[in-house]
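Q: The following comprises the amino acid sequence and a computationally predicted model.
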Amino acid sequence: MTAAEDRPLWAIRMRSERDARGWSQAEAVRALRAKSSQNLPTDSTLLRNWRRWESGESRPDDFYAPLIAAAFDTVAAAFFPKARPSRDDELLTATGMDTLEFMGRLRMSDVSTATLDAVRITAERLCRDYASTDAHQLHREASGWLRRIAALLDSRLTLAQHKEVLELAGWVALLLGCLEYDLGRRGGAEATRRAARSLGLESGNIEIIGWSSELAAWFALTQGNNRGVIQAVDSVPPECADSGVGVQLAAQRAKAWARLGDRSAVDAALAQGRMLLDRLGHPEDLENHFVVDPQKFDFYAMDCCRVVGDDARAERFARAVLADSTTLDGTVRNPMRVAEAHLTLAMVAARGRDLELAVSEGRQAFESKRRSLPSLLCIGGEVGRELMAHFPDDPRTQEYLDELRAVSGT
């Protein structure tokens, strides 16, 4: 309808199209008859119908609407568009609910607050178990919980609950991606990482998006794709760089630049991570894998110093990592960090021409059952190349390489 005329738009268009062609109503009826392959009523009957249509008194039915549109060289869907009811109107019509009842239903949920609290606590516990729990066992448990979380999306949820369920699924998917990569399942890990990123985008969770890029950087680093590390870090939204994951992203960038031989870029990336850590303050849950604790900064710096050949600092950082990762009674809190610390000490010993110590430290790195296979092989391989450079004919070098191959399963 228009503000100026109390007629439907299709009726107004019938008149304007006819006037534009200089037709009388009788001539318009003859044009309509020419478009039909069927017998039509008499001209007087059609003319009477045309007048009623053009005045808006009645709407052409599904038989005549296409003929009228064809007479004016168009189609019925354009000439006589169907009204588009709002989604709310459709829901109200389908359910028979009035507006107040409908809006109330939007705020209702089949999932209790207690249920979501339990799922949240479980997801956080799974992320805390990452550092020390057997990877196969934790992967089975996390996979089961991801299926349960996904099933919640089939329930009636409030908008806030829907967002939270997507976020919980995103965190557990990130954990599964880490575990799959630790176990050497490269293809599955990448697929899971992409799924986690999608959940982060859908829920609008910047941290999940950032951690999905951090996983991509880690994957690239252990595969020797150092430029890919920097590309993955640079792809994150700017707001990610100012969150907790920003520290980890800066660390991955520093590790890549170390392997590319750019000391100034290494120092700049580490400085960026250090400043962000200071600004964020001390986190509450240090055991959660996706929370970057200040002590982990020594772990990042250890890797960079080892790669660039700063052996004195690498050794100091390695011993700090060992001390931080081991309790007073000798319990190892983070076996994967401990393994890399031992490999760092092995590298320092090899460069110092102490083969006995180098092999001893290297073997200690292979002892733990909880390991990240790609990281262990990456750094273990660096140590192996150093041993071959200095002690190629010594049987102890071959023993070390044999153990490394046994770890890799080749």
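A: Perfect, thanks for sending it.
Q: so who does residue 338 touch?
A: 321, 322, 325, 326, 332, 365, 368 (CB atoms under 8 Å, 6 or more residues apart in numbering). The C-beta positions use only the backbone N, C-alpha and C, and glycine is treated the same way.
Q: Sticking with the first one, tell me its helix or strand.
A: Translated: residue 321. In the assignment (DSSP states H and E), residue 321 maps to helix 311-325.
Q: Let me know the angle separating the helix or strand following that helix from helix 311-325.
A: Next in sequence after helix 311-325, counting helices and strands by DSSP H and E, comes helix 335-351. Inter-element angle recorded for helix 335-351 and helix 311-325: 150 degrees (by axes from the mean of the first three to the mean of the last three CA atoms, to 10 degrees).
Q: Which secondary structure elements does the helix or strand just after helix 335-351 sit against?
A: Next helix or strand after helix 335-351 toward the C-terminus (DSSP H and E): helix 355-365. In terms of contacts (3 or more CB pairs under 8 Å, 6 or more residues apart in numbering; DSSP states H and E), helix 355-365 is packed against helix 335-351, helix 373-390, helix 395-408.
Q: follow-up on the earlier one: quick one: list the elements packing against the helix holding residue 321.
A: Against helix 311-325 (3+ CB pairs under 8 Å, 6+ apart) you get helix 296-308, helix 335-351.
Q: could you measure residue 171 against residue 165, distance?
A: 11 Å (CB to CB, to the nearest Å).
Q: who's sitting farthest from the centroid in this protein?
A: Most distant residue from the mean C-alpha position of the chain: residue 44, 68.2 Å away (CA atoms, centre = their mean).
Q: secondary structure element for that one?
A: helix 43-55.
Q: residues touching the residue nearest to residue 70 when sequence neighbours are not counted, list them.
A: Leaving aside its chain neighbours, residue 70 sits nearest to residue 35 (4.2 Å; criterion: CB to CB, 6 or more residues apart in numbering). Shown in contact with residue 35 (CB under 8 Å, 6+ apart): 67, 70, 71.
Q: roughly how far apart are residue 35 and residue 65?
A: 12 Å.
Q: which residues does residue 200 contact?
A: Counted by CB under 8 Å, 6+ apart, residue 200 has contacts 167, 170, 206, 207, 208, 209, 211, 212.
Q: and the first one, which of the three is it?
A: With DSSP: H, G, I helix; E, B strand; the rest coil as the basis, residue 167 sits in helix.
Q: Also residue 215?
A: Under three-state DSSP, residue 215 comes out as helix.
Q: How about it: what's its closest non-neighbour residue?
A: Closest to residue 215 by CB to CB, 6+ apart is residue 193, at 4.7 Å.
Q: so when I look at that neighbour, I'm seeing a helix, right?
A: Yes: remark: residue 193 belongs to a helix, assigned using three-state DSSP.
Q: correct me, but it touches residue 214?
A: No: at 9.6 Å, residue 193 does not count as touching residue 214 under the criterion of CB atoms under 8 Å.
Q: Return the helix or strand in the protein with minimum mean pLDDT.
A: When each helix and strand of the chain is scored by mean pLDDT, DSSP states H and E, helix 87-95 comes last, with a mean of 45.
Q: From the contacts of residue 35, which land in helices?
A: 67, 70, 71 (DSSP state H).
Q: pLDDT added to these, as a markdown table?
A: Shown next, in a markdown table, are these (pLDDT from 0 to 100):
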| residue | pLDDT |
| --- | --- |
| 67 | 92 |
| 70 | 88 |
| 71 | 90 |
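Q: Looking at those residues, which one is closest to residue 298?
A: residue 70 (79.4 Å; CB to CB).
Q: and residue 286, that one's in a helix?
A: No: counting by three-state DSSP, residue 286 falls outside a helix, being coil.
Q: Give the PyMOL command for selecting the buried subset of the contacts of residue 200.
A: Applying 16 or more other CB atoms under 10 Å to the contacts of residue 200, the buried members can be selected in PyMOL as follows:
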select buried, resi 167+170+206+207+208+209+211+212
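Q: Looking at the contacts of residue 200, which one is closest to residue 396?
A: residue 211 (40.4 Å).
Q: Which strands and helices lie in contact with the helix or strand that contains the closest one?
A: For residue 211, the enclosing helix or strand under DSSP H and E is helix 206-222. Packing contacts for helix 206-222, counted by 3+ CB pairs under 8 Å, 6+ apart, involve helix 159-182, helix 186-203, helix 226-234, helix 244-260, helix 373-390.
Q: just checking, what packs against the fourth one?
A: Under the contact criterion of 3+ CB pairs under 8 Å, 6+ apart, helix 244-260 touches helix 206-222, helix 226-234, helix 263-280, helix 296-308.
Q: so can I have CSV of these showing mean pLDDT and distance to residue 399?
A: Listed next are the helices and strands packed on helix 244-260 as CSV, based on pLDDT from 0 to 100; distance: least, CB to CB, whole Å:
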stretch, mean pLDDT, distance to residue 399
helix 206-222, 95, 24
helix 226-234, 95, 30
helix 263-280, 89, 33
helix 296-308, 91, 22
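Q: Figure out which of these is closest to residue 343.
A: Closest approach to residue 343 among these (CB to CB): helix 296-308, 8.2 Å.
Q: Centre of the chain to the closest one, how far?
A: With CA atoms, centre = their mean, to the nearest Å as the basis, helix 296-308 stands 28 Å off its chain's centre.
Q: if I pick residue 127, what's in contact with it?
A: Applying CB under 8 Å, 6+ apart to residue 127 gives the contacts 171, 175, 288, 289, 290.
Q: just to confirm, which helix or strand has it in it?
A: Using DSSP H and E, the element containing residue 127 is helix 113-128.
Q: Now do that helix, average pLDDT.
A: Mean per-residue pLDDT for helix 113-128: 89.
Q: from the chain's centre, how far out does that helix sit?
A: 20 Å.
Q: For whichever helix or strand comes after it, which residues meet the burial criterion?
A: Tracing the chain past helix 113-128, the next element assigned as helix or strand by DSSP H and E is helix 135-152. Neighbour counts over helix 135-152 (16+ other CB under 10 Å) mark 135, 138, 139, 141, 142, 145, 146, 149, 150, 152 as buried.
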